[in-house]
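In: Okay, here's the prediction I keep looking at, along with the sequence it came from:
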Amino acid sequence: MITLVFYMKDGKCCGFHCTGHADYAKKGRDDIVCAGVSALVINCVNSIEKLTEDRADIEQADGSVFCMIKSPVSTESELFLKSLRLGVEYISKEYRRYVRIVEEE
């Protein structure tokens, strides 16, 4: 199962941590759930890095992606994080056994 934790501070999302694997498809086959979530996560990180002036701690290793905005969260980064959550929520509605969304203060 993919777990996507969104970190909240003062009602705003300031980062996320995505871990796990959906195991939707058999080993060696294309896993559309992982591919969809991965594309959204990578696009969010790239957008924050390239399209905002926010400073972020970003770590990627062994199927895990962590992104935490260090500076005050800009309107742009907030929008990218909301977009990530929206996209993953739609995937989760269709494939709820494979994706879990958590929110932490």
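Out: Yep, that arrived.

In: Ser74 and Ala56 touch, don't they?
Out: No. Using Cβ atoms under 8 Å, Ser74 is not in contact with Ala56, being 10.7 Å away. Backbone N, C-alpha and C define where each C-beta goes, glycine included.

In: okay, those two: which has more neighbours?
Out: Legend: neighbour count by other Cβ atoms under 10 Å for Ser74 and Ala56, higher for Ala56 (18 against 15).

In: Tell me which residues touch the residue nearest to the spatial centre of the chain, please.
Out: The C-alpha lying nearest the average C-alpha coordinate of the chain belongs to Val41 (Cα atoms, centre = their mean; 4.3 Å). Val41 makes contact with Leu4, Phe16, Cys18, Val65, Leu84, according to Cβ atoms under 8 Å, 6 or more residues apart in numbering.

In: In strands only, show me the residues you listed.
Out: Leu4, Phe16, Cys18, Val65 (DSSP state E).

In: and the two most separated of these?
Out: Within the ones in strands among the contacts of Val41, Leu4 and Val65 form the most distant pair, 9.4 Å apart (Cβ to Cβ).

In: so what's in contact with these two at the same time?
Out: Joint contacts of Leu4 and Val65 (Cβ under 8 Å, 6+ apart) are Phe16, His17, Cys18, Val41.

In: Make CSV from the residues you listed and add distance to Ala61 and pLDDT to it.
Out: As requested, those are exported to CSV (distance: Cβ to Cβ, whole Å; pLDDT from 0 to 100):
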residue, distance to Ala61, pLDDT
Phe16, 15, 98
His17, 12, 98
Cys18, 12, 98
Val41, 13, 98
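
In: So which bits of stretch 8-28 are buried?
Out: Neighbour-count burial for stretch 8-28 flags Cys13, Cys14, Gly15, Phe16, His17, Cys18, Gly20, Ala22, Tyr24 (criterion: 16 or more other Cβ atoms under 10 Å).

In: Return the member of the ones in strands among the contacts of Val41 nearest to Glu105.
Out: Nearest to Glu105 among the ones in strands among the contacts of Val41, with distances taken as Cβ to Cβ, is Phe16, at 13.6 Å.
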